[in-house]
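> when you get a sec, could you give me coordinates for this:
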Amino acid sequence: MSSDQLLAFCAFAVITTITPGPNNMMMLASGLNFGFARSVPHLIGICCGVAIMVLAVGMGLHVVFETVPVLQVVLKYLGAAYLAWLAWKLANAKPMGEGSKAVAKPMGFVGAAAFQWLNPKAWMMVVSAVTNYLPHGFHLRDVLIIAAIFIVIGLPCVGAWASFGANMQRVLRDPKSVRIFNLTMAALLLASLYPVLVE
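Numbering: from 1, shown residues only. So this is what the prediction gives:
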């Protein structure tokens, strides 16, 4: 991979990981509801999950989707259904001050990594990265570089959303304002499905 390709991909990675999407909406809500430190496993799971997808697609999984295109449609709608379920859970989450502290917990590493396989934006990012930024006749080293860059750039970009959410704890102190915030995040999570479902 040339230095020009590398720089172009780094710009692509920054834009796709920092812009709003399902992961960032969930990280913002997690930061507010659980704080930054408790959201770190979720954050690392997102970045590692995307990197694992890059490795799988880069090493040939894309051929399966080209051979059986209906799999893409199935994954798209499974992902949409899962995101709708997550939005429902977020909308119905009780603020921490309403007795939910003992049972509420943020998404963990494994759940966040597994979620990427149903996340429509993650698929768009990974397939675009592999098809547009890997050089012709690429090697495993090139795929590993793309995966590593997604981790290195994703951690601060996605982490910024969790940090912003955690800092909002100072402003949103009462249960009613947290409830309104959670409902807003649930609505934005659902709204993030629109571009996927209408394409």
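
> ok, longest helix in the chain?
helix 140-167 (DSSP state H).

> can you give me the buried ones in that one?
142-143, 145-147, 149-151, 153-155, 157-163, 165-166 (16 or more other CB atoms under 10 Å). For every residue, glycine as well, the C-beta is placed using N, CA and C.

> how far off centre is it?
Centroid separation for helix 140-167 versus its chain: 10 Å, with CA atoms, centre = their mean, to the nearest Å.

> ok, now stretch 130-150?
20 Å.

> end to end, how far does it reach?
12 Å (CA to CA, to the nearest Å).

> which residues does it contact?
1-2, 5-6, 8-10, 12-13, 17, 47, 50-52, 54-55, 57-59, 62, 125, 129 (CB atoms under 8 Å, 6 or more residues apart in numbering).

> which SS class is the residue sitting nearest the centre point of the chain?
For the chain, the residue nearest the mean C-alpha position is N23 (2.9 Å; CA atoms, centre = their mean). In three-state terms, and counting by DSSP: H, G, I helix; E, B strand; the rest coil, N23 is helix.

> return the residues in contact with it.
N23 neighbours (CB under 8 Å, 6+ apart): 46, 116, 119, 121-122, 158.

> circling back to that earlier point, mind listing which of the contacts of stretch 130-150 are in helices?
Per DSSP H, the subset of the contacts of stretch 130-150 in helices is 5-6, 8-10, 12-13, 17, 47, 50-52, 54-55, 62, 125, 129.
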